[in-house]
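**Q** Quick one: sequence plus predicted model below, questions after.
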Amino acid sequence: MSPAPAIVLIVDRLGAGWLGPYGSTWFDTPHWNALAAQSALAEWMIASGPRLQDAYEGWLRGARPWQSPQMPSLPERIVSHGQRAILLTDDPAVADLPQVAAFSEAQLLKQPEPTELADAIESTQLLGFFQAAADLVAQRPDAGLIWLHARGLAGAWDAPYALRQQWADEDDPPPPSTVAPPGRHLPPDYDPDELLGYLLAYGGQIALLDQGLGLLMEAIDQASDGMQALCLVTSPRGYPLGEHGCVGLCHQSLYEELLHVPLLVRFPHRAHALTRLQTILQPADVYSLLVCHGGWLTPGEEAQLPCPMLDELERVEVRPLAACASGPGQRAIRTPAWFLREVQEEGELRRELFVKPDDRWEVNEVSSRCREVVEELVRLLDEWQSLSRSGPSTHLLKLSPLMWDVWR
């Protein structure tokens, strides 16, 4: 029996909080809403950090933060089963990653960099990518895996001006008409109208992305094996928009706006539709899901490759999990009840603790009032990091009994 085909869409710099299925009421995302209605949605997909290569270590090699890959890559597994793994991206940085070398085919879509906003959505850089992705899906039904990586919100913001303007109220200042994605630190006395302009411009790109997603899903549904395909959509990192004093690509601090990303999985024949998963997941769990669902396992490997997403969907008892993230001079851990961020700044170690999920945007720092929790989370971080560096471990995510008692 041939493994079921899988189509993976990666959209860079897409935070979960800006999509309708994750509770956004500002920007309308009808195609995201439709996909969510057909899919299992992970409430808490946590990025590995700000670096693209770390996400790919998880997605394609099953590695978690600080962990060296110990398993065959996803493309290698697929090729060993006699199928083809095809990559399409418009990001040269992705095409150059060593993790993608094992794909049967790797296509880099080259498009001219726009200098002004497009007159129509069909002329935008992002829609150009989605049209190429739709064509690839139609032309290559033989592939076991089609991996689509869009620069997304990290690419040119060239959506027609009307898409930005539609989100503005009558008394709001007009949104900016710049094409380059913004990236700057906000001064203490920043102009709120300036930040609003960035939000409106981002909303224009979200509206454009929604159109592109609709185009791609239509192509998948029209393919001969469209109902058989597993379709997965996620992002390596979010796009900060002023939540902690920074906007855009300059911001690498491990906070919610960077780490909380979407994950929607549409299973064949719409199995598990309208399911919302509460398990905390990371990029490595995408690897295990694709490997297990596609049947790309080696003999006897089932017990060595845990898959929390499938466990929850199949109502297998899952203990609470944690997620860790790393970045320049910092590390973080997220549990169902807490988020701890540790950062080295100018030779000084600083720790911040936030209550989850109540404090969504991490504005109420409580480390001074919960010292026992801070100590336990630091201990767990140290243990995770030590186990990761010492070799493979399938129990990195399991929380200690003490942490379970703290939650109850």
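**A** Here it is on my side, so go on.

**Q** Could you use CA atoms for every contact and neighbour count after this?
**A** Will do.

**Q** if I pick the closest residue to P262 other than its chain neighbours, what's in contact with it?
**A** Spatially, and ignoring its direct neighbours in sequence, P262 is nearest to A16 (4.6 Å; C-alpha to C-alpha, 6 or more residues apart in numbering). Counting by C-alpha atoms under 8 Å, 6 or more residues apart in numbering, A16 makes contact with 22, 238, 260-262.

**Q** Need the per-residue pLDDT for A16.
**A** Note on A16: pLDDT of 96.

**Q** that older thread, between the contacts of A16, which is closest to A134?
**A** Nearest to A134 among the contacts of A16, counting by C-alpha to C-alpha, is P262 at 21.1 Å.

**Q** which residue of this protein sits farthest from its center?
**A** Centroid-distance maximum for the chain: D171 at 34.5 Å, with C-alpha atoms, centre = their mean.

**Q** pLDDT at it, what is it?
**A** D171 carries a pLDDT value of 90.

**Q** and it, what helix or strand is that in?
**A** Under DSSP states H and E, no helix or strand contains D171.

**Q** what does Q344 give?
**A** Q344 is part of strand 338-345, with elements assigned from DSSP H and E.

**Q** Which elements pack onto that strand?
**A** With contacts taken as 3 or more C-alpha pairs under 8 Å, 6 or more residues apart in numbering; DSSP states H and E, strand 338-345 sits against strand 330-334, strand 348-355.

**Q** The shortest one to strand 348-355, inter-axis angle?
**A** For strand 330-334 against strand 348-355, the angle between stretch directions is 20 degrees (axes from the mean of the first three to the mean of the last three C-alpha atoms, to 10 degrees).

**Q** how near is the residue nearest to R266 when sequence neighbours are not counted to C250?
**A** In space, R266 comes closest to S39 once its chain neighbours are excluded; the distance is 4.2 Å by C-alpha to C-alpha, 6+ apart. S39 sits 33 Å away from C250, going by C-alpha to C-alpha, to the nearest Å.

**Q** Identify the residues contacting A223.
**A** Applying C-alpha under 8 Å, 6+ apart to A223 gives the contacts 137-138, 141.

**Q** which among the residues you listed gets closest to A85?
**A** Within these, the smallest distance to A85 is 11.4 Å, found for P141 (C-alpha to C-alpha).

**Q** isn't that closest one right up against D225?
**A** Yes: the pair P141 / D225 is scored as a contact, 7.5 Å apart, by C-alpha atoms under 8 Å.

**Q** I'd like to check which residues are in contact with C231.
**A** Contacts for C231 (C-alpha under 8 Å, 6+ apart) come out as 6-9, 265-267.
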